[in-house]
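Colleague: Sequence first, then the predicted structure:
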Amino acid sequence: MAYKKLLFVCMGNSCSSPMAEVIMQNLMVKTSLYWEVDSAGLRTWNTGRRPHKRCLQILREHGLRSDHFCRQFTVNDFRYFDYVVAMDEAVYKELMLWGSDNRGNDCEVLLLSSFGKNGLPAFIDSLSPTHKLKNFRSAYYQIKECCKQLILSQKVDIVKYELPSTDEDDLYYANKEQQTPQDVVEPMPETSKHSGMFLLPTDVRSSGGLMSSSTDPSISKTSMPLCTPRTQRKLCQKCGQKFLAAL
């Protein structure tokens, strides 16, 4: 899977682009895509500041947070990122004009609103510090939908992680209850905060060595810790669309 680097750009890097950055990062986690995502602004209005409070509030409503500090877009961003994604048409036109002489061969300037459902352009509310909270709330869902379509446009393999079913959990706890006290494995030795080495139990240290299942018959294979790991499944294009739509 190709590693991508995306940069969302708006005018001040205070409202729409940091929101898009966090939304895309969250989608990256849920789809197991390891892309680098950042945001910037064309102007220096908010350089060094945190995103606008309404932007942060909307993200908190959806269980998300931003550690971003606003910064200005530079010419080097054209050379570093694979995709520079404009949040509105005014920003897109300025980026295209600016990048005509500075853009690298591998960098592509995109307009986020062009990634609508069924290949049609979408509408994204323009955000500024003067807009009300309801505008930020509407823009969140609009940006999220366009980010989903942007992911699908890359023809990537989406991996879905599935937790064990209820039946597997029941089997896990049933086996755990059947274990005798002798079968229970002691927890992993604590790690010394100062030396970074394992602190062995007293009885093991006094014996001068480590006990293992191969040397101690009292430790059987059935006494090894039980676990119910997550399973992963690579989705086809159609299933990937359904999976993303449900996010």
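Modeller: Cool, got the structure. Residues are numbered from 1 along each chain as shown.
Colleague: can we go C-alpha only for contacts and neighbour counts from here?
Modeller: OK.
Colleague: what's around Ile58, how many residues?
Modeller: 20 (other CA atoms under 10 Å).
Colleague: thinking it is in contact with Asn135, fair?
Modeller: No: in this structure, Ile58 is not within contact of Asn135 by CA atoms under 8 Å, at 10.3 Å.
Colleague: Show me what counts as buried in the longest helix belonging to the chain.
Modeller: In the chain, taking DSSP state H as the definition, the longest helix is helix 133-153. By neighbour count with 16 or more other CA atoms under 10 Å, helix 133-153 contains the buried residues 133, 136-137, 139-140, 142-152.
Colleague: With stretch 47-54 instead?
Modeller: Neighbour-count burial for stretch 47-54, counted by 16+ other CA under 10 Å, picks out Thr47, Arg50, Pro51, His52, Arg54.
Colleague: Can you pull out the residues in contact with that stretch?
Modeller: By CA atoms under 8 Å, 6 or more residues apart in numbering, the residues outside stretch 47-54 that reach it are 13-15, 18, 67-72, 129, 133, 136.
Colleague: what does stretch 100-116 give?
Modeller: 75, 78-89, 92, 95-96, 120-124, 143, 145-147, 149-150.
Colleague: one step back: just the buried members of the contacts of stretch 47-54?
Modeller: Buried by 16+ other CA under 10 Å: Asn13, Ser14, Cys15, Pro18, His68, Phe69, Cys70, Arg71, Gln72, Leu133, Phe136, out of those.
Colleague: Filter these down to the ones in helices?
Modeller: Among the buried ones among the contacts of stretch 47-54, the residues falling in helices (DSSP H) are Pro18, Leu133, Phe136.
Colleague: Do a quick rundown of the strands in this structure.
Modeller: In the chain, the strands defined using DSSP state E lie at 5-10, 36-41, 83-86, 108-111, 158-162, 231-235.
Colleague: Name the helix or strand of the protein that has the lowest mean pLDDT.
Modeller: When the helices and strands of the chain are scored by mean pLDDT, DSSP states H and E, helix 202-207 comes last with a mean of 42.
Colleague: quick revisit: could the buried residues of stretch 47-54 be laid out in a markdown table, adding distance to Tyr34 and pLDDT?
Modeller: Converted to a markdown table, the buried residues of stretch 47-54 look like this (distance: CA to CA, whole Å; pLDDT from 0 to 100):
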| residue | distance to Tyr34 | pLDDT |
| --- | --- | --- |
| Thr47 | 27 | 96 |
| Arg50 | 25 | 97 |
| Pro51 | 24 | 97 |
| His52 | 27 | 97 |
| Arg54 | 28 | 97 |
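Colleague: out of those residues, who's nearest Ala2?
Modeller: Pro51 (30.0 Å; CA to CA).
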